[in-house]
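Engineer: no sequence on this one, just coordinates:
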């Protein structure tokens, strides 16, 4: 190798290393931190849509945006007069949609099909307003897969009076779960806002996170409802350095400008395993790297996090992790039978949620054959999860 080629190689290697440090490396599998979801759509028909709290799920007609927050806003800018049609998904059945020239064409479950009449030069805001509550209620659960168990969790949350469900990840365990899960989310009785799980990120497919970004939402986001902030962030695969990538940028921004009210953090993997802390288990089923867990815990404590809700461990726990209240709601497959629970949070506007557990009460009719082997081997199952 000539000296010139060596210098060129060194420069390229340094540039790639700098990019990795800035954007972050994920493992497994080894890759750069993924790009975020698309929030803008430019149409050849002379209009552009910008979304906040929602993302573009389908660009070709019929245009579809999916809400990743309870009160998304879309801005429609038109270069010429006409009518723009779009569908907005994951909107609470009782929410109102307003905006000049906005007309509702159809409402199916959580989907709103809208038509917006515009004149040349118009800028129209399409606003979703969540129904005001004296008392808000949400449910949280994860690790349900994408079949009958997921549908039961969604319906159980609604039956318990939840306004929305916080899903803590692992929706797709097997490749053929994807279509069933997408249909279950589309037909859900209440909105679902989810953190990505390790199986959703890389299980069986290098690009499985792209399915999550298309049908569920972004990997990292923050939103507010009724004076309580909800932070959903990605712990599906290790991130090096811990403060890199979009997750790091979001957390650093929150440290600089922390929310004024209560904050609930939602992610998939806990930073510690309570079974290890209590001596019930030797090997933790939690975030792999202590340095990453310490960095995340410190940032969450810096911004005054009220509680963190996670999954990954297929059981229910409420414990203190070095000053961070952590609730694990990983009973989504119902493997623990009568002991399986779903987490409920209730709060008045601007007040910290009060948590309690309700029976998941999953019937055998909701069980999927794909997961039956886990139910037949509960002791081995606990060792794995």
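Structural biologist: Sure, I can see it. On a predicted model such as this, the values are computed, not experimentally measured, just so you know.

Engineer: Which parts of this structure belong to which domain?
Structural biologist: Following automatic domain parsing, one finds the domains of the chain at 40-129, 136-384.

Engineer: what about these, which gets the closest to residue 32?
Structural biologist: domain 136-384 (8.3 Å; CB to CB). C-beta coordinates here come from the backbone N, C-alpha and C atoms, glycine included.

Engineer: mind listing what the residue nearest to residue 237 when sequence neighbours are not counted touches?
Structural biologist: Beyond its immediate neighbours in the sequence, the residue positioned closest to residue 237 (CB to CB, 6 or more residues apart in numbering) is residue 26, lying 4.6 Å away. For residue 26, the contacting residues are 32, 33, 34, 201, 237, 238, 239, taking CB atoms under 8 Å, 6 or more residues apart in numbering as the criterion.

Engineer: And for the last one, nearest residue in space, chain neighbours not counted?
Structural biologist: Taking CB to CB, 6+ apart, and ignoring the residues beside it in sequence, residue 239 has residue 24 as its nearest neighbour in space, at 5.0 Å.

Engineer: Quick check, the one you found in contact with residue 238.
Structural biologist: No: no contact is recorded between residue 24 and residue 238 when judged using CB atoms under 8 Å, the distance being 9.7 Å.

Engineer: more crowded one of these two?
Structural biologist: Between residue 24 and residue 238, residue 24 has the larger neighbour count (other CB atoms under 10 Å), namely 23 against 19.

Engineer: what helix or strand is residue 246 on?
Structural biologist: Secondary structure here is read from DSSP states H and E; on that basis residue 246 sits in helix 245-256.

Engineer: Which parts of the stretch 101-250 of the chain are helices?
Structural biologist: Ranges of helices within the stretch 101-250 of the chain are 148-159, 177-186, 198-201, 208-215, 245-256, based on DSSP state H, counting those that start in this stretch.

Engineer: Make CSV out of those and add mean pLDDT.
Structural biologist: Converted to CSV, these look like this (pLDDT from 0 to 100):
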stretch, mean pLDDT
helix 148-159, 98
helix 177-186, 95
helix 198-201, 94
helix 208-215, 94
helix 245-256, 97
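
Engineer: most packed of those helices?
Structural biologist: Across these, averaging neighbours per residue (mean count of other CB atoms under 10 Å) puts helix 198-201 on top, at a mean of 24.

Engineer: counting contacts, what elements does that one pack onto?
Structural biologist: Secondary structure elements in contact with helix 198-201, counted by 3 or more CB pairs under 8 Å, 6 or more residues apart in numbering; DSSP states H and E, are helix 208-215.

Engineer: One more pass at 10 Å, please.
Structural biologist: Identification of packing neighbours for helix 198-201 by 3 or more CB pairs under 10 Å, 6 or more residues apart in numbering; DSSP states H and E yields helix 177-186, helix 208-215.

Engineer: Compute the number of surrounding residues for residue 338.
Structural biologist: Residues within reach of residue 338, counting by other CB under 10 Å, total 10.

Engineer: Likewise for residue 111?
Structural biologist: As a burial measure, the neighbour count of residue 111 was computed by other CB under 10 Å and equals 16.

Engineer: could you check the distance from residue 319 over to residue 218?
Structural biologist: Noted for residue 319: a distance of 28 Å to residue 218, by CB to CB, to the nearest Å.

Engineer: which of those two has more neighbours?
Structural biologist: Regarding residue 319 and residue 218, a neighbour count based on other CB under 10 Å identifies residue 218 as having more, with 20 against 16.

Engineer: Okay, and the closest residue to that one other than its chain neighbours sits in which element?
Structural biologist: Across the structure, with CB to CB, 6+ apart as the measure, the residue nearest residue 218 apart from its sequence neighbours is residue 37 (4.7 Å). Here residue 37, judged by DSSP H and E, is contained in no helix and no strand.

Engineer: pLDDT score assigned to residue 37?
Structural biologist: With respect to pLDDT, residue 37 has a value of 96.

Engineer: ok, now residue 374?
Structural biologist: pLDDT, residue 374: 65.

Engineer: heads up, I number from 28, so please use that
Structural biologist: In the new numbering, first residue 28, that becomes residue 401.

Engineer: ok, back up a step: which phi and psi does the residue nearest to residue 245 have?
Structural biologist: As for residue 64, its main-chain torsions (degrees, to the nearest 10) stand at phi -70, psi 160.

Engineer: my guess is it meets residue 244, correct?
Structural biologist: Yes: shown here, residue 64 and residue 244 form a contact pair, counting by CB atoms under 10 Å, at 7.1 Å.

Engineer: Run a quick neighbour tally on residue 190.
Structural biologist: Residue 190 is flanked by 21 other residues according to other CB under 10 Å.

Engineer: so what's it up against?
Structural biologist: Residues near residue 190 by CB atoms under 10 Å, 6 or more residues apart in numbering: 97, 119, 121, 157-158, 160, 162-166, 184, 217-218, 252-253.

Engineer: Give me the buried subset of the residues you listed.
Structural biologist: Buried by 16 or more other CB atoms under 10 Å: 97, 119, 157, 163, 164, 165, 166, 184, 217, 218, 252, 253, out of those.

Engineer: The closest residue to residue 106 other than its chain neighbours and residue 105, how far apart?
Structural biologist: With CB to CB, 6+ apart as the measure, residue 73 is the residue that lies nearest to residue 106, at 4.0 Å, once sequence neighbours are left out. According to CB to CB, residue 73 stands 7 Å off from residue 105.

Engineer: Could you report the pLDDT at the nearest residue to residue 185 once chain neighbours are set aside?
Structural biologist: Counting by CB to CB, 6+ apart, residue 185 lies nearest to residue 216, which is 4.0 Å off, once chain neighbours are set aside. Reading off the per-residue confidence, residue 216 sits at a pLDDT of 98.

Engineer: now swap in residue 323 and tell me
Structural biologist: 98.

Engineer: Could you tell me the angle between the one helix or strand it maps to and helix 272-283?
Structural biologist: If you go by DSSP H and E, residue 323 is part of helix 317-329. For helix 317-329 against helix 272-283, the angle by axes from the mean of the first three to the mean of the last three CA atoms, to 10 degrees is 30 degrees.
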